[in-house]
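Peer 1: sequence and predicted model, in that order:
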Amino acid sequence: MPSGVIRVGTRASALAMAQARWVTGELTRRHPGLKCILVRVKTQGDAVRDRPLDQLGGLGAFAKELEQALLEGRIDLAVHSLKDLPTQLAPGLTLAAVPARGDPRDALAASPGTTLASLPGGAVVATGSLRRRAQLQRRRPDLDYRPIRGNLPTRLARLADGRAAAVVLAVAGLERLELSRRIAEVLDPAVCLPAVGQGALGVEIRTDDRRLGELTSALDHPPSSQACRAERSFLLRLGGGCSLPVGALARVEGQGLVLEGVVVAPDGGGLVRRARRGTARDPEGLGEALAEEMLAAGGAEILKGLTA
C-alpha cells in the first residue's frame with residue numbers, strides 16, 4: 001500500500017484548484033495511505049491579464065512555470081487543463097494520464113433563452129479566443145466581438161455589469177465550478193469546433209519517476225487519451241498553439257477514431273475544415289495525416305498569414 005506525500009502543482013484559479021482537488025481525490029481514493037498536498041504556482045498567463053494570450057507567446061502561458069517547478073523538483077505532479085499544455089512537453093517530462101474527458105464544447109453564457117442566432121446585430125460578445133471569434137464571425141459577422149481575459153467569475157461579471165450580451169466559455173469549466181446554470185446555449189461543434197484537448201485534464205510528471213507513473217496510470221481513460229493524442233498531434237503538425245484559430249475534436253467509434261479539424265483566418269474569411277477516420281491504435285498518425293491534408297487544402301496559407 002503506497003505511502004508518502006505527493007506535491008501536486010496547480011494554478012491558483014478556482015477552476016484549476018477544483019481540477020487539482022479532483023485529481024488528488026482520485027489518487028487518494030485509489031491508493032489508500034497516499035497523501036497529496038496542493039502547491040499553487042503562478043504562471044505568466046495568471047500574472048499578465050491585460051494582454052491577449054497570443055501576445056504572450058500563446059504556447060505555455062499557463063504551463064511553463066508548472067513545468068519548471070516539476071523539473072526543479074519543487075512539485076511531483078502538475079495538473080493542467082489539457083488545452084493549455086503545449087503539444088511539445090519540456091524535455092524530461094511526460095503526460096502520465098488523461099482522465100475521462102468532460103464536455104469538450106463551447107457555450108454561450110448569457111441571459112436565459114439567448115442563442116447565437118437571437119442576439120441583436122451589434123451585440124457585444126466577449127471572448128479571448130481567436131479560434132472562437134473567427135468561427136463565430138462566419139455565422140454572425142454583425143456582432144461586436146471584444147477580447148476578454150481573467151478567470152471564469154471575472155468573465156461572467158461582464159454580463160452582470162452590462163458590458164457584454166454574451167460571453168463564450170468552455171462547457172467543462174462551467175460544469176466543474178457548478179455554473180452550468182449560466183449556460184444559455186451549448187454551441188454545436190459544426191458552428192464552433194473546440195480547442196485541442198478542451199474539456200480534458202492532463203496529469204504531467206517527470207519521465208524518470210516510475211513510481212508516480214504507476215500511481216497515476218489508473219487515472220488514464222483510454223478513449224479520452226486516444227482522442228486527445230490525435231488532436232494534439234494534429235496541432236503539433238500545424239505548428240500552432242492554443243492561441244491560434246485552430247480547432248479539433250476526435251471521438252472513438254468502435255476500434256476507429258474520427259478526427260475533425262478546422263483552420264480559420266482571424267477575420268473568419270478563409271476556412272479549411274476536414275474530417276478523417278483512422279485507427280485508435282495510432283492516434284498520432286491520424287492527427288498528422290489530417291494536418292497534412294488541411295495544409296495542402298489551404299491551411300498553410302491561412303497559418304502563413306498569421307505570421308506574415
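Peer 2: Sure thing, it's come through.
Peer 1: all strands of the stretch 1-150 of the chain, in order?
Peer 2: 4-10, 34-40, 77-81, 93-97, 106-110, 124-126, 144-146 (DSSP state E, counting those that start in this stretch).
Peer 1: which strands and helices sit next to the second one?
Peer 2: Helices and strands in packing contact with strand 34-40 are listed as strand 4-10, helix 14-30; criterion 3 or more CB pairs under 8 Å, 6 or more residues apart in numbering; DSSP states H and E. All C-beta atoms are positioned from the backbone trio N, CA, C, and that covers glycine.
Peer 1: ditto for the third one
Peer 2: In this structure, strand 77-81 makes packing contacts with strand 4-10, helix 14-30, helix 64-71, strand 201-206, judged by 3+ CB pairs under 8 Å, 6+ apart.
Peer 1: returning to what we had before: out of the helices and strands packed on strand 34-40, nearest to residue 168?
Peer 2: Of all the helices and strands packed on strand 34-40, it is helix 14-30 that lies closest to residue 168, at 15.6 Å by CB to CB.
Peer 1: please save the CA atoms from the closest one in PDB.
Peer 2: In PDB, the C-alpha atoms belonging to helix 14-30 read as follows (Å, rounded to 0.1, in the frame of the first residue of the first chain):
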ATOM      1  CA  ALA A  14     -10.900  28.500  -8.700                       C
ATOM      2  CA  LEU A  15     -11.200  26.200 -11.800                       C
ATOM      3  CA  ALA A  16      -7.600  25.000 -11.600                       C
ATOM      4  CA  MET A  17      -7.900  24.300  -7.900                       C
ATOM      5  CA  ALA A  18     -11.200  22.300  -8.500                       C
ATOM      6  CA  GLN A  19      -9.400  20.200 -11.100                       C
ATOM      7  CA  ALA A  20      -6.400  19.600  -9.000                       C
ATOM      8  CA  ARG A  21      -8.600  18.600  -6.000                       C
ATOM      9  CA  TRP A  22     -10.400  16.100  -8.200                       C
ATOM     10  CA  VAL A  23      -7.100  14.500  -9.200                       C
ATOM     11  CA  THR A  24      -5.800  14.300  -5.600                       C
ATOM     12  CA  GLY A  25      -9.200  12.900  -4.500                       C
ATOM     13  CA  GLU A  26      -9.000  10.200  -7.200                       C
ATOM     14  CA  LEU A  27      -5.300   9.400  -6.300                       C
ATOM     15  CA  THR A  28      -6.000   9.000  -2.600                       C
ATOM     16  CA  ARG A  29      -9.200   7.100  -3.200                       C
ATOM     17  CA  ARG A  30      -7.400   4.600  -5.400                       C
END
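Peer 1: what's in contact with it?
Peer 2: Helix 14-30 is contacted by residues 6, 8, 10-11, 34-36, 38, 40, 77, 79, 81, 99, 151-153, 173, 176-177, 201, 203, 215-216, 218-219 when judged by CB atoms under 8 Å, 6 or more residues apart in numbering.
Peer 1: so where is the chain shaky, pLDDT-wise?
Peer 2: Counting by pLDDT under 70, the chain shows low-confidence ranges at 1-3, 45-59, 240-243, 307-308.
Peer 1: outline the domain layout of it.
Peer 2: 1-101+200-220, 106-186, 222-308 (automatic domain parsing).
Peer 1: which of these sits most buried?
Peer 2: Counting by mean count of other CB atoms under 10 Å, domain 222-308 has the highest mean neighbour count of the domains of the chain, with a mean of 20.
Peer 1: list the contacts of the closest residue to residue 204 other than its chain neighbours.
Peer 2: Leaving aside its chain neighbours, residue 204 sits nearest to residue 78 (4.5 Å; criterion: CB to CB, 6 or more residues apart in numbering). Contact analysis of residue 78 by CB under 8 Å, 6+ apart lists 8, 9, 10, 41, 63, 66, 67, 69, 70, 203, 204, 205.
Peer 1: distance check, residue 78 against residue 97.
Peer 2: 12 Å (CB to CB, to the nearest Å).
Peer 1: residues that sit against both of these two, list them.
Peer 2: residue 203.
Peer 1: I'd say residue 180 and residue 172 touch.
Peer 2: No: using CB atoms under 8 Å, residue 180 makes no contact with residue 172, being 10.1 Å away.
Peer 1: what's next to stretch 209-228, contact-wise?
Peer 2: By CB under 8 Å, 6+ apart, stretch 209-228 touches 2, 6, 23, 26-27, 30-31, 34, 76-77, 82, 94, 96-101, 196-197, 200, 203, 205-206, 249-252, 257, 280, 283.
Peer 1: got the domains of the chain as a markdown table, with distance to residue 192 columns?
Peer 2: Formatted as a markdown table, the domains of the chain follow (distance: least, CB to CB, whole Å):
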| stretch | distance to residue 192 |
| --- | --- |
| domain 1-101+200-220 | 14 |
| domain 106-186 | 5 |
| domain 222-308 | 7 |
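Peer 1: residue 102 - how many residues pack around it?
Peer 2: 19 (other CB atoms under 10 Å).
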